[in-house]
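> Dropping the sequence and predicted coords here.
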Number of protein chains: 2
Amino acid sequence: MKDERYERILNESGRIFQTYGIRNVSMDDICTTLGISKKTLYQYVNNKADLIFKILEAHHEVYRQFIQDQLDQGGNAIDIMLAVDSFVCSEMKNYTPDNIFVLKKYYPEVYQAIFEMKRTSILEGITANLNAGIRDGLYRKDLDVDLVARMFVKNLEEIHQLEMSSSDNSYEKIFGTMYDHHIRAIVTPDGLEYYEKKKQRQ
Amino acid sequence: MKDERYERILNESGRIFQTYGIRNVSMDDICTTLGISKKTLYQYVNNKADLIFKILEAHHEVYRQFIQDQLDQGGNAIDIMLAVDSFVCSEMKNYTPDNIFVLKKYYPEVYQAIFEMKRTSILEGITANLNAGIRDGLYRKDLDVDLVARMFVKNLEEIHQLEMSSSDNSYEKIFGTMYDHHIRAIVTPDGLEYYEKKKQRQ
DNA sequence: ACAATGGAAACACTTTTCGTTTCTGTTGTT
DNA sequence: AACAACAGAAACGAAAAGTGTTTCCATTGT
């Protein structure tokens, strides 16, 4: 069932939802754009909410895979944070105020499911990063890993509530600051020295 | 009738339409946001289409006034074009693919009226600029003013059909290129010298 | 010839929003 | 105190748009 047509449905639907807005694009519009009938489309998705969920889920999977690859490489914990920084930032930019508004109002279950998925991924990723940094002597041993990870996620969520438009580059600034503060708060002297050197090179 | 409340209705409605999308924001939402009842709102606008029209018209008036001010100052025709360049560009950025899509599909009369209004303003502005440039020896005397003005408008319209997202900075590039070519195509040697000097200072 | 598949479009139903109206409370005036 | 005017909240009836289902038809493969 994970065939080329299914991939195309998700990718192309996602593109036109993002371009024109979820509620402005009807299932008829999607079929017209894709050149398939509704009967065919409904062989792949249960309903519009299901389509939206599957699109966001697939999108999230790309993000999750990127994070997982960074972790699997077993590199330096600070390098990983820096690599993840801009990737996560641009992922968040897709969630524009209008999209969030629509998801919350008309597809609340999809919204809950997706954001819980994201929350879980981030929590796991940060926890793993914290543990690796502690083990490598870059982060302080006395950190309450669970608490720091939760605080990180909380900060992400608060940034997300700010409802900036996707063209607003304040996202990068705020986001980068949050990452910067997070790292500075948890590093050892060795880790700080490494981090400062790395920042100077950018 | 042009009172503070009316101004506030237009400004605030325009803001949330722009943030959340025209069709995602109901008249009820607008009233809730403004803290007024629908009965009050309908004292100021006939219906939703009328509200949208009035918002876009007011927005256009700001733009038109800016252009008029530049013309009234009687300055150098090339300087005026350069002053107008980025103003027009950011004005166009408000017309995102989703907004255009909605206007065309659900409010076609509003769309036609607004774009005809814009077209007329641009045509008049460019025509006035061409005549001033010719009079001042910056533009060539052999120009067919009417034809050049129409070509300029045509180019603007074609850029507008490209459906770029508002975060895409290709708009500036394409737009700037179109302005550049327009000016280079019509200047006298004196005008070109002046223009090149001006461009070097930027 | 028949079966399977998929597109186009009709269909019945649902949902949302629209614009209108009613009810109520508040304020100002006499 | 009584009355008029005004505005907000919400109910209301109607319309529009969209949803998901089904039918009809054409095409392709066996």
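Structure received. Numbering: from 1, shown residues only, chains lettered A, B, ... in the order given.
> pretty sure A:I22 is touching A:I52, no?
Yes. With contact defined as CB atoms under 8 Å, A:I22 reaches A:I52; the gap is 6.6 Å. For the C-beta atoms, the positions are set from N, CA and C on the backbone; glycine is no exception.
> which residues do the two both contact?
The contact sets of A:I22 and A:I52 overlap at A:L103 (CB atoms under 8 Å, 6 or more residues apart in numbering or on different chains).
> distance of A:H160 from B:E61?
Counting by CB to CB, to the nearest Å, the separation of A:H160 from B:E61 is 36 Å.
> got it, and A:A58?
From A:A58 across to B:E61, the span is 45 Å (CB to CB).
> ditto for A:L138
Distance from A:L138 to B:E61, counting by CB to CB: 58 Å.
> now A:Y20
Here the criterion is CB to CB. By it, A:Y20 lies 28 Å from B:E61.
> cool, A:L103 as well?
In this view, A:L103 and B:E61 are 35 Å apart by CB to CB.
> of those two, who's got more company?
The residue with more neighbours, out of A:L103 and B:E61 and counting by other CB atoms under 10 Å in any protein chain shown, is A:L103; that gives 22 against 13.
> contacting residues for the more buried one?
Residues in contact with A:L103 (CB under 8 Å, 6+ apart) are A:22, A:52, A:110-111, A:114.
> Out of those residues, flag the one nearest to DNA strand D.
Closest approach to DNA strand D among the contacts of A:L103 (CB to the nearest atom of the strand): A:I22, at 8.5 Å.
> need the contact list for that closest one.
A:52, A:99, A:102-103, A:106.
> 10 Å instead?
The contact partners of A:I22, taken as CB atoms under 10 Å, 6 or more residues apart in numbering or on different chains, are A:13, A:16, A:48, A:51-52, A:55, A:98-99, A:101-103, A:106-107, B:21, B:24, B:98.
> and what of A:R140?
A:R140 makes contacts with A:130, A:133-134, A:148, A:185-189, A:191, as judged by CB under 10 Å, 6+ apart.
> Name the residues of the lowest-mean-pLDDT helix or strand in chain A that are buried.
Lowest on mean pLDDT, DSSP states H and E among the helices and strands of chain A sits helix A:77-93, with a mean of 84. Neighbour counts over helix A:77-93 (16 or more other CB atoms under 10 Å in any protein chain shown) mark A:77-78, A:80-81, A:83-85, A:88-89, A:91-93 as buried.
> Also stretch A:6-16?
Within stretch A:6-16, the residues that qualify as buried are A:9-10, A:13-14, A:16, counting by 16+ other CB under 10 Å.
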